[in-house]
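Q: Pasted the sequence and its predicted model underneath.
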Amino acid sequence: MLLRRTFLGLMAAALAPRIAGANPPSIVATTGMIADAARALSGLPVTALIGPGMDPHGHRPTRNDILTLSRADLVFWHGLNLEAQFATLMAGLAPNTSVLAVAETLPADRLLSDPDYPDRPDPHIWFDPALWAQATQAMEPALAPFVPDVAAKGAAYRDSITAIGSYAQEVLATIPPESRLLVTAHDAFAYFGRAFGLEVEGVQGISTESEAGLARISELVDLLVARRVPAVFVESSVSDRALRALIEGAAAKGHSVTIGGELFSDAMGPEGSYEGTWVGMMDHNATTIARALGGVAPERGAHQRLGANG
């Protein structure tokens, strides 16, 4: 944890006026998903603060994060309480830096609510291609001063969003009706379920900082057994301990459940990989889910790139 003196000193640096130079703008994003969109829309380097395998729900800004933000010309963050530890810092940056909370540009009536906190929307909007296209289009005005052809780049990016969304719809539709239940480590896939017609259950709540009690584990075990669901899914940024408890509980009741694969939820795949892009993440998740739940999908995904380097 940063010492208060260090934090205040770095905030002072963040609030100091910056002189624009001839170099390319410094663009910073909190999450990998937003960074990927900003790269596609701009064609410029973008720094992501919360990388592969990292959990944005509990990530606290480091000294390096604050220094990076203090030197940025443009900052994109998700909002909707996803990176809750960044809220104060972003509010401090806003008077002197172009800062956009990307997900908060969406109409409130398109957002799902956290059942435990009705006034707090579910932030995982990147799993609905239509919402993701709309949210990333809202990034274009902020990029326009640096990227003259941002509208054309944005149209091409949205075409890729539409294409992978159509692929996901096609392969997920092949899952048998009785197996259309997606059980994951935490409740990150509600938008995904709404978009693609899947029932979704998370062991933990929308935030990974919530805890899964024995009653919740027992409830999900009964559901898996009753529905004869063949697989549950771990997540790249969340512990698999609770999922193992589900498997053991189902086995004790005579039903075999396997780990259907690892899904990318709050973070994407390794940097430089296909799965380290939003399109690759969606391809991986849709393909993995469809195949594990009895549907039909090509082993290497929509573009035959899953598992390839780069």
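A: It's in. Owing to the predicted nature of the structure, the values given are computational and were not obtained by experimental measurement.
Q: For the rest of this, base every contact and every neighbour count on C-alpha atoms.
A: Noted.
Q: In this structure, where is pLDDT below threshold?
A: Counting by pLDDT under 70, the ranges of the chain that qualify are 1-22, 115, 205-213, 237-239, 309-310.
Q: for it, what spans make up the helices?
A: 4-15, 32-42, 63-70, 87-93, 129-137, 140-143, 150-172, 190-196, 214-227, 241-252, 278-292 (DSSP state H).
Q: possible to save those as JSON lines with distance to residue 52 and mean neighbour count?
A: Listed next are those as JSON lines, based on distance: least, Cα to Cα, whole Å; neighbours: other Cα atoms under 10 Å:
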{"stretch": "helix 4-15", "distance to residue 52": "25", "mean neighbour count": "14"}
{"stretch": "helix 32-42", "distance to residue 52": "7", "mean neighbour count": "23"}
{"stretch": "helix 63-70", "distance to residue 52": "16", "mean neighbour count": "18"}
{"stretch": "helix 87-93", "distance to residue 52": "21", "mean neighbour count": "15"}
{"stretch": "helix 129-137", "distance to residue 52": "19", "mean neighbour count": "20"}
{"stretch": "helix 140-143", "distance to residue 52": "24", "mean neighbour count": "17"}
{"stretch": "helix 150-172", "distance to residue 52": "21", "mean neighbour count": "18"}
{"stretch": "helix 190-196", "distance to residue 52": "20", "mean neighbour count": "20"}
{"stretch": "helix 214-227", "distance to residue 52": "28", "mean neighbour count": "15"}
{"stretch": "helix 241-252", "distance to residue 52": "20", "mean neighbour count": "18"}
{"stretch": "helix 278-292", "distance to residue 52": "11", "mean neighbour count": "24"}
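Q: Can I get those in CSV including distance to residue 270?
A: What follows is these, written out as CSV (distance: least, Cα to Cα, whole Å):
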stretch, distance to residue 270
helix 4-15, 29
helix 32-42, 10
helix 63-70, 20
helix 87-93, 26
helix 129-137, 21
helix 140-143, 25
helix 150-172, 19
helix 190-196, 22
helix 214-227, 31
helix 241-252, 22
helix 278-292, 10
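Q: Among these, which comes closest to residue 107?
A: helix 129-137 (9.7 Å; Cα to Cα).
Q: what residue is smack in the middle of this structure?
A: With distances taken as Cα atoms, centre = their mean, the residue of the chain nearest its centroid is residue 266 (3.8 Å).
Q: For that residue, give me its contacts.
A: Going by Cα atoms under 8 Å, 6 or more residues apart in numbering, residue 266 touches 54, 55, 56, 124, 188, 237.
Q: circling back: and of the helices of the chain, who's closest to residue 271?
A: Among the helices of the chain, the nearest to residue 271 by Cα to Cα is helix 32-42 (8.9 Å).
Q: That closest one to helix 278-292, inter-axis angle?
A: Counting by axes from the mean of the first three to the mean of the last three Cα atoms, to 10 degrees, helix 32-42 lies at 130 degrees to helix 278-292.
Q: CA atoms of helix 32-42 as PDB?
A: What follows is helix 32-42, C-alpha atoms only, in PDB (Å, rounded to 0.1, in the frame of the first residue of the first chain):
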ATOM      1  CA  GLY A  32      -6.800  -5.000 -21.300                       C
ATOM      2  CA  MET A  33     -10.200  -5.000 -23.100                       C
ATOM      3  CA  ILE A  34     -10.300  -1.200 -23.200                       C
ATOM      4  CA  ALA A  35      -6.700  -1.000 -24.200                       C
ATOM      5  CA  ASP A  36      -7.300  -3.400 -27.100                       C
ATOM      6  CA  ALA A  37     -10.200  -1.300 -28.300                       C
ATOM      7  CA  ALA A  38      -8.200   1.900 -28.100                       C
ATOM      8  CA  ARG A  39      -5.300   0.300 -30.100                       C
ATOM      9  CA  ALA A  40      -7.800  -0.800 -32.800                       C
ATOM     10  CA  LEU A  41      -9.400   2.600 -33.000                       C
ATOM     11  CA  SER A  42      -6.200   4.600 -33.000                       C
END
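Q: out of the helices of the chain, nearest to residue 109?
A: Comparing the helices of the chain by Cα to Cα, helix 129-137 comes nearest, at 11.6 Å.
Q: contacts for the closest one?
A: With contact meaning Cα under 8 Å, 6+ apart, helix 129-137 is reached by 34, 37, 102-103, 105-106, 125-126, 154, 158, 161-162, 165, 195.
Q: Can you tell me which of those is closest to residue 272?
A: The closest of the contacts of helix 129-137, once distances to residue 272 are taken by Cα to Cα, is residue 37, at 14.4 Å.
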